[in-house]
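Undergrad: Pasting the sequence and the predicted model now:
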Amino acid sequence: MIGSEKYYFDTFKVDRPMMDRVVAAALSKGGDFADLYFEYTTYGNISLIDGEVAAGGHHTDYGVGVRTLSGEKTGYAYAESTEPREMLAAAKAAALIGSGAAGDPGRYRVAPSRPALDRYPISISWRATSIARFAPLLKRMEEVTRLRYAGVVKFIARMSYSESDVMMYNSLGELAYETRPIASVSVFAILTRGGEVIQKNASRSFRKGADWLLADGDAVVRELVDELLKGTDERFDARRPKGGRMSVVMGAGASGILLHEAMGHAFEADFNRKGTSIFADKMGLQICPKGISIVDDATICGSRGAKTYDDEGVPGEKTYMVTDGVLTSYLHDRVSAAYYGVAPTGNGRREDFRYNPIPRMRTTYMENGDCPPEEIIASVKNGVYVDEFSNGQVKIGEGDFTFYVKSGFLIEDGRLTMPVKDINVIGNGPEALSSIRMVGNDLKIDNGTWTCGKEQSVAVSCGIPTVLVENLTVGGE
Amino acid sequence: MISENDIRISRLCLDMAIAEGAGAARVSLTKGSADPVTMRNGEIDKLRHSADRSTLLQIYMGGRYGTFSTNRLAEEDLAGFVKESVEITSMLSPDECYGLPSPERTAKGFTEGSEAGLYDPACENLQAEEKMEIAKGELIFGAVAPEDDWKLISEEVEYGDSVSDSYIIDSNGFEGRHKETSFGVFSEVTIESDGKILSGYWWRNVPRLEELERGVTSRKALSRALDARGPVPVAGGRLNIVIDNSCASRLVSPLMAALDGGAVWQKSSFLGDDLGKKVFSENLTFEDRPHDFGKPGARLFDSEGVATRNRAIIENGVVREFFINTFQSAKLGLEGTVEGPSRLCIRPFADGETKKDISLQDILELLGDGMLITGFNGGNCNPTTGDFSYGVEGYAFKDGCKGKPFREAVITGNMKGLWSKFAAAGTDIRPGAAWNIGTLGFRDIDFSA
């Protein structure tokens, strides 16, 4: 949501002359560019435990970050107050990065601005809504779950939201402001069958106002309980299979996290600028089979990865990193864009005002291919089908990744057979990309509570159509 | 850092909460500062200055419980914050298990903050130039000559020092303060060899500046990157496994998570039914030693103000204690302990006996042949069952000698089974670590590659 200029000036108790003074102080030792990031965030949460909504809280965070850029060097400081004295002190600390010589303000001038479109309109503000109104929703989730499954040992449901007023101003005189909502509902259950226990969980998260749960509460309950209980019997029956090198079919949706971790980070321009990414010298080259396009998208309205502006005041956009198998763009903040002489892609993001922005993903996915998913599974003689990964890790330079399979099946002679558990899929990002053999026509964006933890935590989303990758290592018995 | 005025504001916040209708309350004020300097390829790349403050207000009223925080600590902001916090708490459902710990369980007399011996006043006078000099002292860029088969792509060195100061006060009369300093250097070195990019990292982190070893981290990071060249395929099987001291605590974390009262109460602990039972190797003993004053991890009270003490957590394979806070104590009907481990120590052990000095090499020789793990890459431990599967990398070893590197491998098993096959724990503890876990050795672990 984008409010009025006056609203944000009043919220942060500043005006343009004051901000100009702070920016001037940040450039007092000769930096090229300086910017201010004002933030006022309120968080709320409630938890249902043992059938009662017996825990909740409310949190407030307020401050301003000051950044000075000198070439590719960064000076950063912040104040948890917008008192002029504290802002100026932070600006002087950030200014120390300057070389002493006059700066080059043109270096960070962005190509003509795209108009910023509101990616998360709010009908009802979270701040204007008592969080207690959502307690019946959490109770209904437990009731429906227990009605549908008798062996619920433990059930916990949580709902949380945050609403952030953000204002950005820089030494080019650019001013941007907006209000960012984000809310999550999650359920966790311990289920039992014949003495065995398993854990299951499900979540939904969107950049939407309180109208999301007030208007669509019943649908959210249905969707979350469906996902929580989906495949429960298979999870109890799951076994750890024999490991080895084999074909892996990644199911549509949540397995897109592998794309985010194993390939997406290597497209972030800071790693490439420093030469530590495997894609550092591959711009314009074919890096995977034709027909594959990989996108990082800020424009999906209401998605966790949606951005009206990034955290440097650059409007959000849809960025193609890979187009028809060719590496066509990195993900840029202002620093890397200036380094490469291109326009920023709106990927400069930060956890909050305490952090300087760096290139980060938003909603990352592979575009559709033309294969029906059944055809992809049917083509595999011996392999593993993965519904969902968790606990992935990747080494950006080497490209090596390991992902834990949360839910999946063996594929034998083109059919899904035994459910599998407690295995890892291991591989190398670029090798896996070039080993993609089939891409499905069933792209699904997963709307779970995905958070990326590269130095700082930011909300993201991911997706993928069904994809066949050949020759990955599956670690099992 | 925390001033007399900060303490006055905290007391005011507590009084306001009680006046607004809270039956009991706790206020925790935290202030911290950090000033890291990052150098890249021999030049300053980033300077940061951070100074944080936050007040956490926990309200208990008629069994209802709410947590609230703000960093807007001006008196005029505080009144509205407390009023709103009490209003929200009153809307929650009651649960009589919520409450403050009884005064008999809380620590007494630790109001200076320096009693645990972890505060080094050197942090107050360290100038920016000195910090840069420390970072520069680690650099190898330009000082290490590349060889035919590799070249240096990037070197990042970060020096950082930080101060953390916390003050807790509750309406049962507890008052305590804890402050500590940290000085650390982190290096990451990336090389190109045979067309492949390889990186290595290393770090030092200590509570006192004088203990910070200089000129080591980038060289160690480079040697780790160089050692990773030329990985070879290895065969899987049931193998002896040695985990070096840089990553051994990864296998200890699931044990501590399973001893957490929250996991036990939520029935998501694979040790939930094992209090007082022998479930691990006779040789396995973990102690929590928070009263080793001046040593990393020392603390005199937990976040509820409950007094800590040195005690055995797992003794000769027997589970002696869970980590249980006041709420979990009421839920589980078990006596409360503390909220988690502070300074966790494993009893050194090798070759059937406790020894004074046990090195990585001693453990490699003890186990003869197997795989030395020097890094983890992804994986998971199921907290309910203890089944685990971790991606690993490292080196094969034969006759006690380290051999070629391997990657893209996994170890699998169950935590109870793993720690029943425990064969050795080294004394090679990394300086500055709150968890005193040296190199670990296990026999007959499932390894696949």
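TA: Nice, I can see it. Residues are numbered from 1 along each chain as shown, chains lettered A, B, ... in the order given.

Undergrad: Sketch out the low-pLDDT regions of chain B for me.
TA: Scanning chain B for pLDDT under 70 picks out B:353-354.

Undergrad: one more time with 50, if that's ok
TA: Under the criterion pLDDT under 50, no range of chain B is flagged.

Undergrad: tally of neighbours for A:M141?
TA: Number of residues near A:M141 (other CB atoms under 10 Å in any protein chain shown) recorded here: 26. Bear in mind the C-beta positions are built from the backbone N, C-alpha and C, glycine included.

Undergrad: nope, A:R354 is what I was after
TA: Neighbours of A:R354 under the rule other CB under 10 Å: 20.

Undergrad: Let me see the contact set for it.
TA: Applying CB atoms under 8 Å, 6 or more residues apart in numbering or on different chains, we find A:R354 in contact with A:G63, A:G65, A:Y78, B:S50, B:D52.

Undergrad: try 7 Å this time
TA: A:G65, A:Y78, B:S50 (CB atoms under 7 Å, 6 or more residues apart in numbering or on different chains).

Undergrad: Then A:D237?
TA: So A:D237 contacts A:P419 (CB under 7 Å, 6+ apart).

Undergrad: is chain A contacted by stretch B:258-272?
TA: Yes. Using CB under 7 Å from any CB of the partner chain, we find that stretch B:258-272 touches chain A at B:Q266, B:K267, B:S268.

Undergrad: Select only the buried ones of the residues you listed in ChimeraX?
TA: Buried residues within these, by 16 or more other CB atoms under 10 Å in any protein chain shown, are selected in ChimeraX with:
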select /B:266,268
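
Undergrad: Neighbours of the closest residue in space to B:P341 that isn't next to it in sequence, how many?
TA: Nearest residue to B:P341 in three dimensions, chain neighbours excluded: B:D288, at 4.8 Å (CB to CB, 6 or more residues apart in numbering or on different chains). A count of nearby residues for B:D288, using other CB under 10 Å, gives 23.

Undergrad: Now do the SS call for B:G336.
TA: Assigned with DSSP: H, G, I helix; E, B strand; the rest coil, B:G336 falls in the coil class.

Undergrad: got the contact list for it?
TA: B:P101, B:R105, B:V306, B:I324, B:N325, B:T326, B:S329.

Undergrad: Please look at A:V314 and A:R109 and confirm they touch.
TA: No. Using CB atoms under 7 Å, A:V314 makes no contact with A:R109, being 11.9 Å away.

Undergrad: Who's the closest spatial neighbour of A:D352, skipping the chain neighbours?
TA: That would be A:E39: by CB to CB, 6+ apart, it lies 5.9 Å from A:D352.

Undergrad: isn't the one you found right up against A:E163?
TA: No. Using CB under 7 Å, A:E39 is not in contact with A:E163; the gap is 11.2 Å.

Undergrad: name the helices or strands packed onto the helix or strand containing B:D52?
TA: Per DSSP states H and E: B:D52 is located in strand B:43-61. Judged by 3 or more CB pairs under 7 Å, 6 or more residues apart in numbering or on different chains; DSSP states H and E, strand B:43-61 is in contact with strand A:73-79, helix B:4-20, strand B:24-34, strand B:37-40, strand B:64-70, helix B:75-90.

Undergrad: give me that answer again for 6 Å
TA: strand A:73-79, strand B:24-34, strand B:37-40, strand B:64-70, helix B:75-90 (3 or more CB pairs under 6 Å, 6 or more residues apart in numbering or on different chains; DSSP states H and E).

Undergrad: Would you tell me which one of these is buried the most?
TA: strand A:73-79 (a mean of 25; mean count of other CB atoms under 10 Å in any protein chain shown).

Undergrad: picking up where we left off before, centre of the chain to the strand holding B:D52, how far?
TA: Centroid separation for strand B:43-61 versus its chain: 19 Å, with CA atoms, centre = their mean, to the nearest Å.

Undergrad: Show residues contacting that strand.
TA: Strand B:43-61 has contacts (CB atoms under 6 Å, 6 or more residues apart in numbering or on different chains) with A:73-77, A:93, A:96-97, B:17, B:22-39, B:66-71, B:73, B:85, B:89, B:98-99.

Undergrad: relative to strand B:24-34, how tilted is that strand?
TA: Inter-element angle recorded for strand B:43-61 and strand B:24-34: 180 degrees (by axes from the mean of the first three to the mean of the last three CA atoms, to 10 degrees).

Undergrad: Adjacent strands (with direction) for strand B:43-61?
TA: Here strand B:43-61 has these sheet partners by DSSP bridges: strand A:73-79 (parallel), strand B:24-34 (antiparallel), strand B:37-40 (antiparallel), strand B:64-70 (antiparallel).

Undergrad: Compare the ones you listed and give me the one nearest A:L468.
TA: In terms of CB to CB, the element of these nearest to A:L468 is strand B:37-40, at 39.9 Å.

Undergrad: How far off centre is the closest one?
TA: Worked out by CA atoms, centre = their mean, strand B:37-40 lies 24 Å from the chain centre.

Undergrad: what comes into contact with that strand?
TA: With contact meaning CB under 6 Å, 6+ apart, strand B:37-40 is reached by B:D45, B:K46, B:L47, B:K131, B:M132, B:A135, B:E156, B:V157, B:E158, B:Y159.

Undergrad: Repeat the analysis, applying 10 Å as the threshold.
TA: A:72-74, A:274, B:44-48, B:128, B:131-136, B:138-139, B:141, B:154-161, B:186-188, B:218 (CB atoms under 10 Å, 6 or more residues apart in numbering or on different chains).

Undergrad: OK, contacts around the nearest residue to B:D446 once chain neighbours are set aside?
TA: Spatial nearest neighbour of B:D446, chain neighbours left out: B:T412 (4.7 Å); criterion: CB to CB, 6+ apart. Residues near B:T412 by CB under 10 Å, 6+ apart: A:240, A:243, A:422-424, A:475-477, B:236, B:379, B:387-390, B:418, B:445-448.

Undergrad: Restricted to buried residues, select these in ChimeraX.
TA: To isolate the buried subset of the contacts of B:T412 in ChimeraX, counting by 16+ other CB under 10 Å, use the following:
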select /A:240,243,422,423,424,475,476 /B:236,379,387,388,389,390,418,445,446,447,448
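
Undergrad: is it true that A:A93 lies in a helix?
TA: Yes. Secondary structure of A:A93 (three-state DSSP): part of a helix.

Undergrad: so A:A298 touches A:A306, yeah?
TA: Yes. Between A:A298 and A:A306 there is a contact at 6.0 Å, judged by CB atoms under 10 Å.

Undergrad: which residues are common contacts for those two?
TA: A:R119, A:G316, A:R362, A:T363.

Undergrad: quick one: which of the residues you listed is nearest to A:A343?
TA: A:G316 (13.1 Å).

Undergrad: Around the closest one, how many other residues sit close by?
TA: When neighbours are counted by other CB under 10 Å, A:G316 registers 23.

Undergrad: Check the gap between the closest residue to it other than its chain neighbours and chain B for me.
TA: In this structure, A:G316 finds its nearest non-sequential neighbour in A:A298, 2.9 Å apart by CB to CB, 6+ apart. The gap separating A:A298 from chain B is 26 Å, by CB to the nearest CB, to the nearest Å.

Undergrad: Contacts only, for A:A298.
TA: A:117, A:119, A:305-310, A:314-319, A:345-347, A:349, A:361-363.

Undergrad: if we go to 7 Å?
TA: So A:A298 contacts A:R119, A:G305, A:A306, A:K307, A:G316, A:E317, A:K318, A:G346, A:R362 (CB under 7 Å, 6+ apart).
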